[in-house]
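1. Sequence isn't available, so here's the structure alone:
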C-alpha cells in the first residue's frame, strides 16, 4: 500500500530565502508525482506534474525533482515571497494508477 | 482557474441528516474523483467515477455514495451524517489516461453539528 510522507511539517522563513520541501513515497512503481498548493480552507492548485520518466520539472521559481529509485521528490522554491505562504502537498497515484495518495503537507510561512 | 466548480462552498448540517455535494468537471475530462480532507491532514480518496460508473473506492462506508451524469458532472451523497464527516470535500477532474494531470475544485466545507 502506497504511503506518502512530507518533511518538514511546517516551515517559517524570511522573505528571499531559497527553500526545499521533501516528499517520500514507499512504492517506487509510480506513473507520476504531482505537487499542489493549498491556501487555507481552499482547494488544491496544481503546481507541477513530473512523469515517471522525468527527473525534474520547472515552472517559474519552482523546481521539482523526482528520484523514483529512492522514493523521493523535492520541491525547490527560489527567492521565496510572502505570497508563497500556503500548504504544499505532494501526491502519487495509487497502485491502480489514477487516484492520488497524498502526503500530509508542509505548511510554509514566508515572513516579510 | 481550473474549470472545476463545486457547490455549495459551505454547508452546515445536523447529525443524522443527508447531504448532496456537486461538481462540474473540466471540459474534456471524463473522470471525477472525490476526496475528504480533515483539518490539518492530506486529502483521502473516497471514490472515482468514469463514464457514469464507479471506478474505484477508498475506505469509506456505503453511506457515502455518488453519481456521474452524461455530461461528466458528479454528485457526492452522504447519508446519516456524523460529526466526523465535518471536512473539506474536494472534487478532482481528469481524463482517464494514466499519467495525466488532475485539477481540483475549490471544495465544499461541510460542518456537521
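-> Cool, the structure landed. Worth saying up front: this structure is predicted, and the values here are computed from it rather than measured.
2. got the residues of chain A near chain B?
-> For chain A, the contact set with chain B under CB under 8 Å from any CB of the partner chain comprises A:4, A:31-32, A:34, A:36, A:41-46, A:49, A:51-52, A:89, A:91, A:93-94, A:96-105. All C-beta atoms are positioned from the backbone trio N, CA, C, and that covers glycine.
3. And the buried ones among the residues you listed, selectable in ChimeraX?
-> Those of these that count as buried under 16 or more other CB atoms under 10 Å in any protein chain shown are selected in ChimeraX with:
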select /A:4,32,34,36,42,43,44,45,46,49,52,89,91,93,94,98,99,100,101,102,103,104,105
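4. Just the residues of chain A next to chain B: which are in strands?
-> Mapping the residues of chain A next to chain B onto strands (DSSP state E) picks out A:4, A:32, A:34, A:36, A:44-46, A:49, A:51, A:89, A:91, A:93, A:100-102.
5. Of the residues you listed, which is the nearest to residue A:81?
-> residue A:45 (15.7 Å; CB to CB).
6. Compute the number of surrounding residues for the residue nearest to the closest one when sequence neighbours are not counted.
-> Distances taken as CB to CB, 6 or more residues apart in numbering or on different chains put residue A:37 closest to residue A:45, at 4.7 Å, once the chain neighbours are dropped. Using other CB atoms under 10 Å in any protein chain shown, residue A:37 has 19 neighbouring residues.
7. Check residue B:108 too.
-> Counted with other CB under 10 Å, residue B:108 comes out at 22.
8. Go ahead and confirm it touches residue B:13.
-> No: using CB atoms under 8 Å, residue B:108 makes no contact with residue B:13, being 11.3 Å away.
9. what number of residues lie near the nearest residue in space to residue A:108 that is not next to it in sequence?
-> Counting by CB to CB, 6+ apart, residue A:108 lies nearest to residue A:11, which is 5.2 Å off, once chain neighbours are set aside. Residues near residue A:11, counting by other CB under 10 Å, number 17.
10. and residue A:11, what is it in contact with?
-> Contacts for residue A:11 (CB atoms under 8 Å, 6 or more residues apart in numbering or on different chains) come out as A:19, A:21, A:106, A:107, A:108, A:109.
11. Quick one: buried ones out of those?
-> Using 16+ other CB under 10 Å, the buried ones in the contacts of residue A:11 are A:19, A:21, A:106, A:107, A:108.
12. how about CSV for these, with distance to residue B:51, pLDDT and secondary structure added?
-> Below are these laid out as CSV (distance: CB to CB, whole Å; pLDDT from 0 to 100; DSSP: H, G, I helix; E, B strand; the rest coil):
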residue, distance to residue B:51, pLDDT, secondary structure
A:19, 42, 95, strand
A:21, 36, 97, strand
A:106, 36, 97, strand
A:107, 37, 97, strand
A:108, 38, 97, strand
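13. Pull the most distant pair out of those.
-> Spatially, the most separated pair among the buried ones among the contacts of residue A:11 is A:19 and A:107, at 12.6 Å (CB to CB).
14. Enumerate the residues of chain B near chain A.
-> Counting by CB under 8 Å from any CB, the residues of chain B that sit close to chain A are B:2, B:4, B:6, B:31, B:33, B:35, B:40-45, B:48, B:55-56, B:58, B:88, B:90, B:92, B:94, B:96, B:98-99, B:101-107, B:109.
15. Kindly recompute the last result at 7 Å.
-> B:33, B:41-43, B:45, B:48, B:56, B:90, B:98-99, B:101-107, B:109 (CB under 7 Å from any CB of the partner chain).
16. Can you name the helix or strand that the residue nearest to residue B:17 when sequence neighbours are not counted falls in?
-> Spatial nearest neighbour of residue B:17, chain neighbours left out: residue B:81 (5.2 Å); criterion: CB to CB, 6+ apart. Counting by DSSP states H and E, no helix or strand carries residue B:81.
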